[in-house]
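> okay, sequence plus prediction incoming.
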Amino acid sequence: MPEVKADVLIVGASLAGGAAAKRLVDAGFKTIMIERKELPRHKICSGILSPRGWRFLHENFGEPPPEAFHEPKHVRGVNFLFRNGLQLPMEFTAGPTPHIYRKFADLHVVRKSRAEIHERTEFTEILPDDAGVTVKARRRGEPVTYRAKYVIAADGPRSSVVAKLYPGFRDSIWWFVVGQKYYKGEIGLDPAWFHFMIHPELGYYNWHHPEAGCQIVGYTCEHGESWPDGHARVVEYLRENHGLRIREEVSKEGCLENFGMSLTNHFVFGKQRVLVTGQAAGFLNMMAEGMSCALHSGATAGEAIVEAVARNRDPNALYDELIQDERRRTVDQWNPLRILLSTPHEADLKGAIRKFPLVDRAYMVKEMLAYCGQYRGYQWMAPILAAAVRRLFLGRY
């Protein structure tokens, strides 16, 4: 069995992996990134990148190539759709943000990182010890062993690295099926917005936005529920209320998501020389935007290793310290006290609501609370309130 050595092995050729790799390669670390698919690979993602994430990507990796953007190229913000027909447009405070095509944006980032990339290499096992970390994988179908001083997990919400490091972890959190269908057709909604449905009878997280000549309709349900039935209800709602006309279905896709981790301040940052980033760690911004926190947490993981070596520190302990800023920024977006008392998002929700007459404001708030009420039964309220109180009195989570 061949053996490959590196200073740092990154699992997942993702935005988080690329951001980590750039910090490491710039500091002179031999960095290898393994990816189970062949690049460029498709990534299920709306592509709505926050302004903060766009600034980071552009400043660190330069202007992506034209193919790394969807059409329409920019999004103004989020438009909330209410069941009585009201629409609440909420612009990004920093202005429109690019609509990223992950297939080519991820490729741009990982190539610009200058890490050595091993494609079609599937992670199978991880064995940390005091001297380093051994990772077993299958590269193009053949077994291969990697020996690294440190490992960074950047392999998404269903992280295989996390599953190996923390047996039983996947069974300890709630999973949701998130899927979308692409249609050829028309709809009476402004293409410059990401449209989100505040409709407690339709489900947990439903959306529409145009992309590359298609109308995308997305639906989320709890794992084990009937996704096709729920998605059909969302399509019917858009037909009746917003003029959706479908000529043909083009494609469909879906995945499992771990929405509750950022919401309840429940993260896994790794152990034993293994650092966990992005959605593998639990990072997910409000409106399920995960790209910006993936970029920032990945970079932080890379910086933690560089600093740990320079200062003779434990990389996991240092990462736990450095990542707290990203944790605070992310959990603030779900914190009810921060939402009431400040503006934790890259948009002013309260300011957007204040533009409407008082009767409409009351209706919107009532519907938003009813929408949040769907999540009763997930045992999330206690950790949310505990985190909010901790943040209020200690300034941290």
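Happy to help now that I have it.

> give the contact list for V4.
I32, H118, V144, T145, Y146, R147 (Cβ atoms under 8 Å, 6 or more residues apart in numbering). The C-beta positions use only the backbone N, C-alpha and C, and glycine is treated the same way.

> in a helix, that's where the last one is, yeah?
No. Using DSSP: H, G, I helix; E, B strand; the rest coil, the assignment for R147 is strand, not a helix.

> wait, it touches A137, no?
No. Under the criterion of Cβ atoms under 8 Å, R147 lies out of contact with A137, with a separation of 11.8 Å.

> how about stretch 63-75, which residues are buried there?
P64, A68, F69, H70, P72, V75 (16 or more other Cβ atoms under 10 Å).

> mind listing which of those are in strands?
Secondary-structure check on the buried residues of stretch 63-75 using DSSP state E: residues within strands are F69, H70, P72, V75.

> closest to R311 among the residues you listed?
Lowest distance from R311 to those (Cβ to Cβ) belongs to F69, with 39.9 Å.

> and the closest one, what are its bridge partners?
Bridge pairing for F69 (DSSP bridges) gives the partners I100.

> tell me the pLDDT at it?
Here, the pLDDT recorded for F69 equals 96.

> same question, L284
According to the model, L284 carries a pLDDT of 95.

> isn't it up against Q333?
No. Counting by Cβ under 8 Å, L284 does not reach Q333; the two are 9.2 Å apart.

> report the set of residues contacting both of these two.
Between them, L284 and Q333 share these contacting residues under Cβ under 8 Å, 6+ apart: S262.

> neighbour count winner among the two?
L284 (24 against 19; other Cβ atoms under 10 Å).

> the residue most central in space within the chain and L202: what is the separation?
Residue closest to the mean C-alpha point of the chain, counted by Cα atoms, centre = their mean, is G290 at 2.2 Å. In this view, G290 and L202 are 22 Å apart by Cβ to Cβ, to the nearest Å.

> same question, K73
Distance of K73 to L202, computed by Cβ to Cβ: 29 Å.

> helices or strands next to the biggest helix by length in the chain in the packing?
Of all the segments of type helix in the chain, defined by DSSP state H, the longest one is helix 291-311. Helices and strands touching helix 291-311, as assessed by 3 or more Cβ pairs under 8 Å, 6 or more residues apart in numbering; DSSP states H and E, comprise helix 15-26, helix 51-61, strand 142-153, strand 274-276, helix 278-281, helix 315-322, helix 324-332.

> I figured the residue nearest to the centre of the chain hits Q279, correct?
Yes. Counting by Cβ under 8 Å, G290 touches Q279, with 5.1 Å between them.

> between the ones in strands among the buried residues of stretch 63-75, which sits nearest L49?
Ranked by distance to L49 (Cβ to Cβ), those are led by V75 at 8.6 Å.

> list the contacts of the closest one.
V75 is in contact with I48, F92, P96, T97, P98, H99, A192, W193, F194, H209, counting by Cβ under 8 Å, 6+ apart.

> hmm, 10 Å instead?
V75 makes contact with 46-49, 91-92, 96-100, 191-194, 209 under the criterion Cβ atoms under 10 Å, 6 or more residues apart in numbering.

> could I have the buried ones of those residues as PyMOL selection syntax?
In PyMOL, a selection of the buried entries from the contacts of V75 looks like this (16+ other Cβ under 10 Å):
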select buried, resi 46+47+48+49+91+92+96+97+98+99+100+192+193+194+209
